[in-house]
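S.K.: what shape does this take:
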Amino acid sequence: MATCSLTLQPYGKPSFSVRLSENDGRKSTIEQIITKSPDICVFSDLTYEFALSCDETIAIQDVTVYINDVHEPSVYNNGRIMFPGGGPSDRRIFMDCYGFVEISLVISDADGKEYQYTTEYLPVLVRRGELNNAVKAMVNYVYANQELLLLNGEPKAKSPANLKENGYQNLPTQIILAEEIAAVYESSFGYFKANSRFKIDKILKVDRFEHLQHVTPATVQFIATHPEELRRINSHSGIRIGNSVYQPEKTLSMHNERSYDIYENRVILGFIRKMIDSVDELYEHCRSLLEQIPGNENYGDEYIYSSFFMFTETKRMLENGLACLTKLRTKFAHLWTMYNGALRIKPEIMVNEPRPSHVFLSVPQYNRIFVQIHKWFQFGIYDFTKENFMLSFIKISSLYEGYLLAKMIAYFQSRGYVLESTRKCAYPTRRNWKYKNTNCVNTLFFKNERHQLTLYYQPVIYDTDESGINGIGLIRNNSIPALTGDGDDNRSGGHYYSPDYLIKMEDDSSARYLILDAKFSDLACVRRHHVRYLAFKYLFSISPVRPIDAMAGLCIIYGKCKASNQIQSAYDNQLQNQQITPIAELLPLIESVSNDDHYSNLDALMRKAFISY
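M.R.: Numbering: from 1, shown residues only. As a prediction, this is how the structure comes out:
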């Protein structure tokens, strides 16, 4: 593939170039995401023009631009990419971006062949304002409620006593367990120093002849080869040489000696080494993640790094964890010195959990440590799932979607719905589809006295009846692309849609569906840019499979709002007392607004969608 570069030219600011990489569908890890150069960033409130440069192997005919996977209408002309607005000025293409932004280009040559490229993730700079505090509050809410999303509602453990096999794991829980292990070793040291189990070894050593208890072949060989040890004695018994009788002063004799080199002691010592290595590994992973998080929010006097607010809670938790791990490193190093000095044996290499020997099961002091070893092997291997889950919100759209999911779960529970079960459905996809299955719970089943309610997160609605996959009785009824240049704009057309959320309300005979889409935008932007596109996708192009089921409508939830904003219909020209179906609602929701206001708007939405059901 040809080598290309992209130059970003912000209005009134210096331009800069970024490398374009071939888009192979793989997503970067958090360690690869954040650019190291402080000057490589984009301004949310400035207009931009791009300059594309490729080697001569591509005769560029046209370019399609995506900002965080969202198609951005543009005009390509002789290497320049422009973003004309409705008026005389260009559009601010990063206005709705927060955190990080990824620019993707689909380049078409004269033969119709397409080449896909992406930039690295670039930090987004925003002006100081109340919105940043709202984002920080939103991050804290997701962080506090993510256990349900990640682990099927398994409650997190506050102490080792609350740990369950295959249950919730996080860094604080693992630190608690490591501290418990260290405490058990510290309290047990007196016993192991004075009363450790041992075995009796028969050993040969040179000792005075009078200590000899019985003669062995080794004794005879030693006497024969060490004549310097012979001393003349006045006795009739001994080794007679001529007229003299001799007896060795020292000889090789068999002795019984205590040896602490038994399996259980080797495990006791080896597990301390295992803990030292494990704590070191956690420390390095924790430190590595911290290095990826912006340490300073400021960019000059006017702008700040928006990503700083998205990672503050994770940063705080990792800093606390690093401090605890530093103390644990010192503690286990001291324990190693203590036990190694007392036992003086070679430690067992702890690759697997030790076998439950008689000593481990019957001797209380050994059993206490054996139980701790078992806990560590069962629960102690933590992969920073929670921290990486939070760091995965590199785009504000992902964070906002996760926030709304947690908020809607809390809302339904506050309205008398019982969360009966959850699941993470893996939707079948084709290789060339953009859809990626979620890394968290995506199907939640609620129930009250009258209805069953299912909340779907990023479900797939196919162009065939696939209701058996996850109980979604909807179908995409056409292959027409919603936008020119989007993923469906090809010869075969589109085959699926994936809304952000889907609510299914059921009774004994039928179901009613409401689609919700999240946009971290203000009301004006939603009305101007998103309503038409989403209405075509989710009102015109989605139909129920069964005639007895119905589409209640669409709700677009937007995040740049104030407490004074209320839910309103997209149908702004209605006759008096007229009710247009399916509904099309615009609902404000952000964490800086009180729960009562949130729930009041959600109550109004549920009444409009399901009141007659």
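S.K.: give the buried residues for the lengthiest helix in the chain.
M.R.: Among the segments of the chain that qualify as a helix by DSSP state H, the longest is helix 312-343. Neighbour counts over helix 312-343 (16 or more other C-beta atoms under 10 Å) mark 312-315, 317-318, 321-322, 324-325, 328-329, 331-332, 335-336, 339, 342-343 as buried. C-beta here means a position set from N, CA and C on the backbone, and glycine is covered the same way.
S.K.: what of stretch 415-424?
M.R.: 417, 419, 422, 424.
S.K.: what's the farthest-apart pair in the residues you listed?
M.R.: Greatest spatial distance among these (C-beta to C-beta): 417 and 424, at 20.0 Å.
S.K.: list the contacts of residue 551.
M.R.: Shown in contact with residue 551 (C-beta atoms under 8 Å, 6 or more residues apart in numbering): 474, 512, 513, 515, 539, 542, 543, 544, 582.
S.K.: out of those residues, which are buried?
M.R.: In those, burial by neighbour count holds for 474, 512, 513, 515, 539, 542, 544, 582, counting by 16+ other C-beta under 10 Å.
S.K.: identify the bridge partners of the fourth one.
M.R.: The reference is to residue 515. Bridge pairing for residue 515 (DSSP bridges) gives the partners residue 502, residue 554.
S.K.: related to what we said a few turns ago, for the following helix or strand past the longest helix of the chain, what is the average pLDDT?
M.R.: Using DSSP states H and E, the next helix or strand after helix 312-343 towards the C-terminus is helix 358-362. Helix 358-362 shows a mean pLDDT of 94.
S.K.: what is the helix or strand following helix 358-362 packed up against?
M.R.: Heading C-terminal from helix 358-362, the first helix or strand you meet, by DSSP H and E, is helix 364-379. Applying 3 or more C-beta pairs under 8 Å, 6 or more residues apart in numbering; DSSP states H and E, we find helix 364-379 packed against helix 171-195, helix 263-291, helix 358-362.
S.K.: got the angle between helix 364-379 and helix 171-195?
M.R.: 160 degrees (axes from the mean of the first three to the mean of the last three C-alpha atoms, to 10 degrees).
S.K.: give me the buried positions along helix 364-379.
M.R.: Buried residues in helix 364-379, counted by 16+ other C-beta under 10 Å: 365, 366, 369, 370, 372, 373, 375, 376, 379.
S.K.: can you list contacts of it?
M.R.: Contacts of helix 364-379 (C-beta under 8 Å, 6+ apart): 160, 163, 165, 167, 169, 173-174, 177-178, 180-181, 184-185, 188, 191-192, 195, 197, 264, 267-268, 271, 274-275, 278, 350, 352-354, 356, 359-361.
S.K.: how about stretch 214-226?
M.R.: 204, 206, 212, 229, 230, 239, 248, 251, 252, 253, 254.
S.K.: which residue packs closest to the third one, ignoring adjacent ones?
M.R.: The spatial neighbour of residue 212 that comes closest, neighbours along the chain excluded (C-beta to C-beta, 6 or more residues apart in numbering), is residue 253 at 4.6 Å.
S.K.: again with the fifth one
M.R.: The shortest distance from residue 230 to any non-neighbouring residue, by C-beta to C-beta, 6+ apart, is to residue 246 (4.3 Å).
S.K.: kindly export the helix or strand in which that neighbour is found (C-alpha atoms) in PDB.
M.R.: Secondary structure assigned from DSSP H and E places residue 246 in strand 244-248. Presented in PDB, the C-alpha positions along strand 244-248 are these (Å, rounded to 0.1, in the frame of the first residue of the first chain):
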ATOM      1  CA  SER A 244      51.700 -51.500  68.900                       C
ATOM      2  CA  VAL A 245      48.000 -50.900  69.000                       C
ATOM      3  CA  TYR A 246      46.500 -47.800  67.300                       C
ATOM      4  CA  GLN A 247      43.100 -46.100  67.300                       C
ATOM      5  CA  PRO A 248      41.900 -43.300  65.100                       C
END
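S.K.: domain-wise, how is this structure divided?
M.R.: Here the domain assignment for the chain is 4-127, 160-197+263-387, 201-259, 395-610, based on automatic domain parsing.
S.K.: what residue of the protein is the furthest out?
M.R.: Each residue of the chain has a distance to the centre, and by C-alpha atoms, centre = their mean the biggest one is for residue 243: 91.0 Å.
S.K.: and that residue, how far is that from residue 233?
M.R.: Distance, residue 243 to residue 233, by C-beta to C-beta, to the nearest Å: 13 Å.
S.K.: now swap in residue 430 and tell me
M.R.: 99 Å.
S.K.: of these two, which one has the most company?
M.R.: For residue 430 versus residue 233, neighbours defined as other C-beta atoms under 10 Å are more numerous around residue 233 (13 against 8).
S.K.: can you tell me the closest non-neighbouring residue to that one?
M.R.: Nearest one to residue 233, counting by C-beta to C-beta, 6+ apart, is residue 247 at 4.8 Å.
S.K.: quick check: that neighbour touching residue 209?
M.R.: Yes - Residue 247 lies in contact with residue 209 (C-beta atoms under 8 Å); the separation is 6.1 Å.
S.K.: residues touching residue 580, list them.
M.R.: Shown in contact with residue 580 (C-beta under 8 Å, 6+ apart): 569, 571, 574.
S.K.: can I get those residues in CSV including secondary structure, neighbour count and pLDDT?
M.R.: Output for the contacts of residue 580, formatted as CSV (DSSP: H, G, I helix; E, B strand; the rest coil; neighbours: other C-beta atoms under 10 Å; pLDDT from 0 to 100):
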residue, secondary structure, neighbour count, pLDDT
569, strand, 15, 94
571, coil, 12, 94
574, coil, 10, 86
